[in-house]
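Trainee: fold the following, please.
(2 chains)
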Number of protein chains: 2
Amino acid sequence: MLVGIVGLGLIGGSMGLALQNTKLVKRVVGFDHNVAHCEEALRLNLVNEIVDFDDIKKCDVIFLAIPVDAIMAAMKNLVDVSGDTTIIDLGSTKEQIVNETPQVLKKNFIPAHPMTGTEKTGPGAAFATLYNGGIVVICKSKEVEDIHLTRAVQIFSHIGMKIFFMNPKEHDRHASYISHMPHALSYALANSVMRQEDPKSILILAGGGFKDMSRVAKSSPVMWSNIFKQNKQNFLDALTNFQAELEKCKTMVEKEQWAELEEWMKNATTLHKIL
Amino acid sequence: MLVGIVGLGLIGGSMGLALQNTKLVKRVVGFDHNVAHCEEALRLNLVNEIVDFDDIKKCDVIFLAIPVDAIMAAMKNLVDVSGDTTIIDLGSTKEQIVNETPQVLKKNFIPAHPMTGTEKTGPGAAFATLYNGGIVVICKSKEVEDIHLTRAVQIFSHIGMKIFFMNPKEHDRHASYISHMPHALSYALANSVMRQEDPKSILILAGGGFKDMSRVAKSSPVMWSNIFKQNKQNFLDALTNFQAELEKCKTMVEKEQWAELEEWMKNATTLHKIL
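Mentor: Numbering: from 1, shown residues only, chains lettered A, B, ... in the order given. Here you go, the predicted model:
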């Protein structure tokens, strides 16, 4: 099987490394509009070869590992690929991508979201085990042909992923609560601390909790601004719900309702019976 | 040197283990009002012996590793200890403790805050290297005698800590931003997600970012309710500043100001040039 990867950053580069370790894939070629990324990806052996976008079209499987709006643009350039080619996107939102999939691609397009990643970006951040043990959500359409779904399932399972099927609407709502909104909190935390605190105090006093909570605020602003845009209404709903919870906490502290505050925190600790 | 530890949970128990590994300390005895904790601490060798509170008073150094309001209560019961005994508290807030230190103890009391910890609690959570490599803030008063400060500095440095002196007012303000307010966010995040999402979706979709950000919401509600109480005004100020940042983010998404949103996130990522 010949696989082409569009976008050779953390997600695409790690996919390249993971695929080269499977028995399914013979050769992995890559494309990135950033020339420096292409050179770095080749040097790090993330892919076997760098090719033009037109050569990507000749692959058996094409992965789109680029920001969500770029995925929608790229799909318009893929309408002339063979119906035998499987196209898999790895974007973090799914509803708009599914809604805007060109009709001709609906039978061979697999919208997928691997729920893995780190705060790092670029080819240098890629590593072979990023996907191993992680969850991938697949939003299969009614129109998709079995051969393409089968291929996607085989590939994801061979790189060690646990597959979960969900419709795009549900995916986006869940992702807004469990992934997108928490990223906004981390960015807001980093900004509020930096506006109030001098760097020296931050450096000296930051313990593990603060480091953990601000870690995701290292993530790519371009990518996340794009995700918030694609999932705008769900994101705003999740944020509103979070704001209401935080306001509850603030009010209990203001009113010195310590027993109620403890109950509220106790409820929060039950999350870890699930996770 | 004979050391007595009041409170044998994560903080006190880890101190017991760390001290037994130093060349400074001959013997470590412990007290906890929870009998089950005493038995567990002894079984885990966190201390060499469990003693009564009256025997704690005979030690060369007494550590108070209990919630902040319990520290203030315990100090009233320590007014009759010898002036040669060094008393060190390990509480997370400092101003109120310093303000309420009995006059007779001011010469031998060292208010300290080790900026270490995990979300776990109890003797079973204690481990010997908790303090190694961490920061401890010492708020030395004008009245403190050199012999007691010297002792505290020796002990903290021998268990591998980096010492930083700060006044209690500054400590509490910094801690509210870098530790207390982020804990409230984590509790609010856990609560808002649990109110909106079914357990199965949380379990399946939660990636590393969400797990990191909700980890500190495992922390003891009793302890943290107490910390918010002791540091009420700083905590509320920090929360208000955070809320303003988050509202900025929300407004930019509502108004679709994507370039401004990216700038705001880019500013947040600069935190990691410091950390």
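
Trainee: quick one: contacts for residue A:167?
Mentor: Contacts here follow C-beta atoms under 8 Å, 6 or more residues apart in numbering or on different chains; on that basis residue A:167 touches residue A:139. C-beta coordinates here come from the backbone N, C-alpha and C atoms, glycine included.

Trainee: with residue A:195 instead?
Mentor: B:241, B:245.

Trainee: on the three-state scheme, it is what?
Mentor: helix (DSSP: H, G, I helix; E, B strand; the rest coil).

Trainee: what's the distance between it and residue B:176?
Mentor: 14 Å (C-beta to C-beta, to the nearest Å).

Trainee: same deal with residue A:54?
Mentor: Distance from residue A:54 to residue B:176, by C-beta to C-beta: 57 Å.

Trainee: then residue A:260?
Mentor: When distance is defined by C-beta to C-beta, residue A:260 is 21 Å away from residue B:176.

Trainee: the more surrounded of those two?
Mentor: residue B:176 (26 against 15; other C-beta atoms under 10 Å in any protein chain shown).

Trainee: residue A:18 against residue A:131, yeah?
Mentor: Yes: look at residue A:18 against residue A:131 with C-beta atoms under 8 Å: they come within range, at 5.4 Å.

Trainee: where do the contact lists of the two overlap?
Mentor: A:159-160.

Trainee: hey, where'd the strands end up in the stretch 1-150 of chain A?
Mentor: A:2-6, A:27-31, A:49-50, A:61-64, A:86-89, A:109-114, A:135-138 (DSSP state E, counting those that start in this stretch).

Trainee: tabulate these (CSV), appending distance to residue A:70, mean pLDDT and mean neighbour count.
Mentor: What follows is these, written out as CSV (distance: least, C-beta to C-beta, whole Å; pLDDT from 0 to 100; neighbours: other C-beta atoms under 10 Å in any protein chain shown):
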stretch, distance to residue A:70, mean pLDDT, mean neighbour count
strand A:2-6, 9, 98, 25
strand A:27-31, 12, 98, 22
strand A:49-50, 18, 98, 14
strand A:61-64, 8, 98, 26
strand A:86-89, 10, 98, 25
strand A:109-114, 15, 97, 24
strand A:135-138, 20, 95, 21
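
Trainee: could I get the ones you listed as CSV with distance to chain B?
Mentor: Output for the strands of the stretch 1-150 of chain A, formatted as CSV (distance: least, C-beta to the nearest C-beta, whole Å):
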stretch, distance to chain B
strand A:2-6, 21
strand A:27-31, 25
strand A:49-50, 28
strand A:61-64, 19
strand A:86-89, 18
strand A:109-114, 9
strand A:135-138, 6
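
Trainee: including distance to residue B:79, could these go into CSV?
Mentor: Below are the strands of the stretch 1-150 of chain A laid out as CSV (distance: least, C-beta to C-beta, whole Å):
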stretch, distance to residue B:79
strand A:2-6, 71
strand A:27-31, 73
strand A:49-50, 76
strand A:61-64, 71
strand A:86-89, 69
strand A:109-114, 61
strand A:135-138, 58
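
Trainee: now do the domain split for chain A, please.
Mentor: Following automatic domain parsing, one gets these domains for chain A: A:2-166, A:170-274.

Trainee: mean pLDDT lowest where, among those domains?
Mentor: Lowest mean pLDDT within those: domain A:170-274, a mean of 93.

Trainee: now the end-to-end length of it.
Mentor: Length of domain A:170-274, first residue to last, C-alpha to C-alpha, to the nearest Å: 20 Å.

Trainee: now do stretch A:12-28
Mentor: Start-to-end, stretch A:12-28 (C-alpha to C-alpha) is 11 Å.

Trainee: can you give me how far that stretch is from the chain middle?
Mentor: 18 Å (C-alpha atoms, centre = their mean, to the nearest Å).

Trainee: what do you get for stretch A:227-246?
Mentor: For stretch A:227-246, the distance to the chain centre is 17 Å (C-alpha atoms, centre = their mean).

Trainee: same deal with stretch A:189-202?
Mentor: 28 Å.

Trainee: hey, C-alpha coordinates of that stretch in CSV?
Mentor: Extracted in CSV, the C-alpha atoms of stretch A:189-202 (Å, rounded to 0.1, in the frame of the first residue of the first chain):
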residue,chain,number,x,y,z
LEU,A,189,-4.7,31.0,32.8
ALA,A,190,-1.3,31.7,31.2
ASN,A,191,-2.4,35.2,30.1
SER,A,192,-3.9,36.1,33.5
VAL,A,193,-0.9,35.0,35.4
MET,A,194,1.6,36.8,33.1
ARG,A,195,-0.4,40.0,33.3
GLN,A,196,-0.2,40.0,37.1
GLU,A,197,3.0,38.3,38.0
ASP,A,198,6.7,39.0,37.3
PRO,A,199,8.5,36.2,35.4
LYS,A,200,10.8,35.5,38.4
SER,A,201,7.9,34.7,40.7
ILE,A,202,6.3,32.5,38.1
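
Trainee: give the buried residues for that stretch.
Mentor: A:189-194, A:196-197, A:201-202 (16 or more other C-beta atoms under 10 Å in any protein chain shown).

Trainee: now do stretch A:73-93
Mentor: Applying 16+ other C-beta under 10 Å to stretch A:73-93 flags A:74-75, A:78, A:81, A:85-93 as buried.

Trainee: who's in contact with the residue lying closest to residue A:143 once chain neighbours are set aside?
Mentor: Nearest-residue entry for residue A:143: residue A:106, 4.0 Å, with adjacent residues in sequence omitted and distances by C-beta to C-beta, 6 or more residues apart in numbering or on different chains. With contact taken as C-beta under 8 Å, 6+ apart, residue A:106 is in contact with A:141, A:143-144.

Trainee: now the residues you listed in JSON lines, with neighbour count?
Mentor: Converted to JSON lines, those look like this (neighbours: other C-beta atoms under 10 Å in any protein chain shown):
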{"residue": "A:141", "neighbour count": "15"}
{"residue": "A:143", "neighbour count": "12"}
{"residue": "A:144", "neighbour count": "19"}
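
Trainee: of the residues you listed, just say which sits nearest to chain B.
Mentor: Nearest to chain B among the contacts of residue A:106, counting by C-beta to the nearest C-beta, is residue A:141 at 20.3 Å.

Trainee: can you give me the angle the lengthiest helix in chain A makes with helix B:232-254?
Mentor: The single longest helix within chain A, with elements called by DSSP state H, is helix A:232-254. Orientation of helix A:232-254 against helix B:232-254 (axes from the mean of the first three to the mean of the last three C-alpha atoms, to 10 degrees) gives an angle of 170 degrees.

Trainee: I'd like to know which elements the following helix or strand past helix A:232-254 is packed against.
Mentor: Per DSSP states H and E, the first helix or strand lying C-terminal to helix A:232-254 is helix A:258-269. Under the contact definition 3 or more C-beta pairs under 8 Å, 6 or more residues apart in numbering or on different chains; DSSP states H and E, helix A:258-269 sits against helix A:232-254, helix B:181-196, helix B:221-230.

Trainee: in the longest one, what counts as buried?
Mentor: Using 16+ other C-beta under 10 Å as the burial criterion, the residues of helix A:232-254 that qualify are A:232, A:234-239, A:241-243, A:245-246, A:248-250, A:252-253.

Trainee: what of the shortest one?
Mentor: The neighbour-count criterion (16+ other C-beta under 10 Å) identifies B:221, B:223-230 as the buried residues of helix B:221-230.

Trainee: these into a markdown table, with extra columns for distance to residue A:32?
Mentor: As requested, these are exported to a markdown table (distance: C-beta to C-beta, whole Å):
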| residue | distance to residue A:32 |
| --- | --- |
| B:221 | 48 |
| B:223 | 49 |
| B:224 | 46 |
| B:225 | 51 |
| B:226 | 52 |
| B:227 | 48 |
| B:228 | 48 |
| B:229 | 53 |
| B:230 | 53 |
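
Trainee: pick out the most distant pair among the residues you listed.
Mentor: B:221 and B:230 (14.9 Å; C-beta to C-beta).

Trainee: list the contacts for residue A:37?
Mentor: Residue A:37 neighbours (C-beta under 8 Å, 6+ apart): A:8-9, A:122-123.
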